[in-house]
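**Student:** Pasting a predicted model and its sequence here:
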Amino acid sequence: MYLSVSSFRMMKINILPDFTHLLPDLNLVLLLQYQFLNLKNLNMYIQIRAPWEVNDYLKNVIETKLEKLGKINGRIIEADVFLKMGDNVQPNDKIVEIKLQVPGPDLFAEASNDTFEKAVADVAGKLRVQIIKRKEKLQNR
(Lines give C-alpha, C1' and ligand atoms only; values in the text may rest on other atoms or scores of the structure.)
Protein backbone atom coordinates (compact mmCIF):
# COMPACT_ATOMS: atom_id res chain seq x y z
CA MET A 1 0.00 0.00 0.00
CA TYR A 2 1.41 3.37 -1.02
CA LEU A 3 0.69 6.57 0.82
CA SER A 4 -0.07 9.60 -1.20
CA VAL A 5 1.70 12.81 -0.31
CA SER A 6 -1.44 14.40 1.06
CA SER A 7 -2.36 11.46 3.31
CA PHE A 8 1.22 11.25 4.55
CA ARG A 9 1.20 14.92 5.44
CA MET A 10 -2.03 14.46 7.39
CA MET A 11 -0.50 11.57 9.27
CA LYS A 12 2.63 13.59 9.87
CA ILE A 13 0.70 16.55 11.23
CA ASN A 14 -1.36 14.40 13.58
CA ILE A 15 1.62 12.65 15.12
CA LEU A 16 4.45 15.20 15.11
CA PRO A 17 2.91 18.59 14.39
CA ASP A 18 5.81 20.81 15.47
CA PHE A 19 8.81 18.98 14.02
CA THR A 20 7.85 17.64 10.62
CA HIS A 21 8.72 20.76 8.68
CA LEU A 22 12.28 20.45 10.01
CA LEU A 23 12.79 16.94 8.63
CA PRO A 24 13.31 16.83 4.87
CA ASP A 25 13.97 13.10 4.58
CA LEU A 26 10.85 10.92 4.33
CA ASN A 27 12.55 7.84 5.82
CA LEU A 28 13.73 9.83 8.81
CA VAL A 29 10.20 11.12 9.41
CA LEU A 30 8.79 7.59 9.32
CA LEU A 31 11.48 6.37 11.71
CA LEU A 32 10.78 9.18 14.18
CA GLN A 33 7.03 8.54 14.00
CA TYR A 34 7.60 4.84 14.72
CA GLN A 35 9.80 5.66 17.73
CA PHE A 36 7.30 8.26 18.98
CA LEU A 37 4.45 5.76 18.80
CA ASN A 38 6.51 3.11 20.62
CA LEU A 39 7.24 5.53 23.45
CA LYS A 40 3.51 6.04 23.95
CA ASN A 41 2.71 2.33 23.67
CA LEU A 42 1.08 1.22 26.91
CA ASN A 43 0.17 -2.25 25.71
CA MET A 44 1.57 -5.16 27.62
CA TYR A 45 0.98 -8.87 27.47
CA ILE A 46 -0.96 -10.00 30.54
CA GLN A 47 -0.98 -13.68 31.41
CA ILE A 48 -3.25 -14.84 34.25
CA ARG A 49 -2.53 -18.27 35.69
CA ALA A 50 -4.88 -20.03 38.09
CA PRO A 51 -5.90 -23.64 38.70
CA TRP A 52 -9.53 -22.69 37.91
CA GLU A 53 -11.38 -20.60 35.33
CA VAL A 54 -11.02 -16.91 36.19
CA ASN A 55 -14.23 -14.91 35.74
CA ASP A 56 -14.43 -11.76 33.62
CA TYR A 57 -14.87 -9.44 36.60
CA LEU A 58 -11.58 -10.52 38.18
CA LYS A 59 -9.83 -10.32 34.79
CA ASN A 60 -11.06 -6.72 34.40
CA VAL A 61 -9.87 -5.82 37.91
CA ILE A 62 -6.41 -7.22 37.17
CA GLU A 63 -6.20 -5.52 33.76
CA THR A 64 -7.23 -2.10 35.08
CA LYS A 65 -4.69 -2.26 37.92
CA LEU A 66 -1.92 -3.29 35.51
CA GLU A 67 -2.90 -0.59 33.01
CA LYS A 68 -2.47 2.00 35.75
CA LEU A 69 1.01 0.62 36.41
CA GLY A 70 1.67 0.78 32.67
CA LYS A 71 0.89 4.50 32.71
CA ILE A 72 3.60 5.02 35.33
CA ASN A 73 6.13 2.92 33.44
CA GLY A 74 5.30 2.47 29.77
CA ARG A 75 8.08 -0.06 29.29
CA ILE A 76 6.37 -3.05 30.89
CA ILE A 77 6.68 -5.92 28.45
CA GLU A 78 4.73 -8.67 30.17
CA ALA A 79 2.82 -9.25 33.38
CA ASP A 80 2.52 -12.75 34.84
CA VAL A 81 -0.30 -12.98 37.38
CA PHE A 82 -0.54 -16.03 39.61
CA LEU A 83 -3.75 -16.62 41.59
CA LYS A 84 -3.61 -19.18 44.38
CA MET A 85 -5.81 -20.44 47.18
CA GLY A 86 -4.25 -21.03 50.57
CA ASP A 87 -5.59 -23.46 53.09
CA ASN A 88 -9.08 -22.50 54.19
CA VAL A 89 -8.08 -22.36 57.85
CA GLN A 90 -6.57 -18.87 57.56
CA PRO A 91 -8.81 -15.84 56.93
CA ASN A 92 -6.44 -14.37 54.29
CA ASP A 93 -6.25 -17.38 52.03
CA LYS A 94 -6.44 -15.66 48.60
CA ILE A 95 -2.88 -15.20 47.29
CA VAL A 96 -1.91 -13.05 44.30
CA GLU A 97 1.61 -12.90 42.87
CA ILE A 98 2.56 -10.61 39.98
CA LYS A 99 5.84 -10.58 38.09
CA LEU A 100 6.45 -7.65 35.73
CA GLN A 101 8.98 -8.08 32.97
CA VAL A 102 10.64 -4.75 32.35
CA PRO A 103 14.03 -3.79 30.90
CA GLY A 104 16.52 -4.62 33.62
CA PRO A 105 15.65 -6.80 36.61
CA ASP A 106 12.07 -8.00 36.78
CA LEU A 107 9.71 -6.68 39.45
CA PHE A 108 7.84 -9.06 41.74
CA ALA A 109 5.30 -8.67 44.51
CA GLU A 110 2.82 -10.87 46.32
CA ALA A 111 0.00 -10.35 48.77
CA SER A 112 -2.72 -12.31 50.47
CA ASN A 113 -6.12 -11.10 51.57
CA ASP A 114 -9.65 -12.36 52.10
CA THR A 115 -10.69 -11.51 48.50
CA PHE A 116 -8.74 -11.56 45.26
CA GLU A 117 -9.75 -7.96 44.49
CA LYS A 118 -8.13 -6.70 47.70
CA ALA A 119 -5.06 -8.85 47.12
CA VAL A 120 -4.68 -7.50 43.56
CA ALA A 121 -4.94 -3.94 44.89
CA ASP A 122 -2.27 -4.69 47.53
CA VAL A 123 0.10 -6.19 44.96
CA ALA A 124 -0.48 -3.27 42.57
CA GLY A 125 0.39 -0.85 45.38
CA LYS A 126 3.62 -2.72 46.13
CA LEU A 127 4.59 -2.78 42.46
CA ARG A 128 3.78 0.92 42.11
CA VAL A 129 6.26 1.70 44.90
CA GLN A 130 8.92 -0.45 43.20
CA ILE A 131 8.34 1.22 39.83
CA ILE A 132 8.56 4.73 41.30
CA LYS A 133 11.75 3.85 43.21
CA ARG A 134 13.36 2.46 40.06
CA LYS A 135 12.25 5.49 38.04
CA GLU A 136 13.74 7.89 40.61
CA LYS A 137 16.94 5.86 40.74
CA LEU A 138 17.32 6.01 36.96
CA GLN A 139 16.58 9.76 36.87
CA ASN A 140 19.30 10.46 39.46
CA ARG A 141 21.98 8.87 37.27
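**Tutor:** Yep, it's here. Numbering: from 1, shown residues only.
**Student:** Isn't Ile62 up against Ile48?
**Tutor:** Yes. With contacts counted by C-beta atoms under 8 Å, Ile62 reaches Ile48, the gap being 6.2 Å. All C-beta spots, glycine's among them, are computed from the backbone N, C-alpha and C.
**Student:** more crowded one of the two?
**Tutor:** A direct count of neighbours by other C-beta atoms under 10 Å for Ile62 and Ile48 places Ile62 higher, at 23 against 15.
**Student:** Are we agreed that that one is in a helix?
**Tutor:** Yes. Assessed with DSSP: H, G, I helix; E, B strand; the rest coil, Ile62 lies in a helix.
**Student:** Would you mind giving the secondary structure of Val123?
**Tutor:** helix.
**Student:** Now the common contact residues for Ile62 and Ile48.
**Tutor:** Val81 (C-beta atoms under 8 Å, 6 or more residues apart in numbering).
**Student:** Quick one: the strands in this structure, in order.
**Tutor:** Along the chain, the segments classed as strands by DSSP state E run 45-49, 78-85, 94-101, 107-113.
**Student:** out of those strands, deepest packed?
**Tutor:** Each of the strands of the chain was assessed for mean neighbour count using mean count of other C-beta atoms under 10 Å. The highest is strand 94-101, with a mean of 20.
**Student:** Report the angle between that strand and strand 78-85.
**Tutor:** Calculated by axes from the mean of the first three to the mean of the last three C-alpha atoms, to 10 degrees, strand 94-101 forms an angle of 170 degrees with strand 78-85.
**Student:** Strand 94-101 pairs with which strands, parallel or anti?
**Tutor:** Paired with strand 94-101 in the same sheet, following DSSP bridges, are strand 78-85 (antiparallel), strand 107-113 (antiparallel).
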